[in-house]
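Engineer: Sharing a sequence plus its predicted fold:
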Amino acid sequence: MSSKRQARISEEIKKVVSKLITKELKDPGISSLTSITEVEVTGDLRYAKIYISVLGNDKDRDSTIKALERASGFIRKEIGNRIKLRYTPEPVFYSDNSIENGIYISKLIDKVQKEREEDDE
């Protein structure tokens with residue numbers, strides 16, 4: 001299977017699941033600060049690895065992942081309804097800390113710049 005097709009399908013799944021999380025899933029365990037960072041579809045289109053980033057503490061992240069796992073059947077059904085494929089991929093959710101790591105690094109850079117400015121004065 002071509003990697004271009006996998007990339008297109010991954011992007012479509014990302015759009016569908018993002019819309020589901022923000023507008024259609026009403027589970028209180030899902031944090032409002034949840035975003036999808038990446039979707040990887042396996043070559044046989046049986047599984048979709050969905051990387052979720054939750055801004056907040058570890059408790060929010062864990063409850064969001066668990067709530068999404070509980071709703072995985074509904075999410076799979078909606079992916080199948082909105083994207084016409086022979087096989088609907090099974091969504092598998094993983095936690096992704098890249099956004100939080102980026103914020104942390106940005107704060108460190110700002111701190112170093114402030115210290116340099118204070119030293120120059």
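Structural biologist: Nice, I can see it.

Engineer: When you work out contacts or count neighbours from here on, use the C-alpha atoms and nothing else.
Structural biologist: Noted.

Engineer: Output the below-cut-off pLDDT ranges for this structure.
Structural biologist: The model of the chain has pLDDT under 70 over residues 1-2, 121.

Engineer: could you redo the last one with a cut-off of 80?
Structural biologist: Regions of the chain meeting the criterion pLDDT under 80 cover residues 1-2, 98-100, 120-121.

Engineer: So which residues of it form strands?
Structural biologist: In the chain, the segments counted as strands under DSSP state E are 34-41, 47-54, 90-95.

Engineer: what packs against the second one?
Structural biologist: Spelled out, it's strand 47-54. strand 34-41, helix 58-70, strand 90-95 (3 or more CA pairs under 8 Å, 6 or more residues apart in numbering; DSSP states H and E).

Engineer: cutoff 6 Å now
Structural biologist: strand 34-41, strand 90-95 (3 or more CA pairs under 6 Å, 6 or more residues apart in numbering; DSSP states H and E).

Engineer: contact partners of the first one?
Structural biologist: When contacts are taken as CA atoms under 6 Å, 6 or more residues apart in numbering, the neighbours of strand 34-41 outside the stretch itself are Ser10, Tyr47, Ala48, Lys49, Ile50, Tyr51, Ile52, Ser53, Val54.
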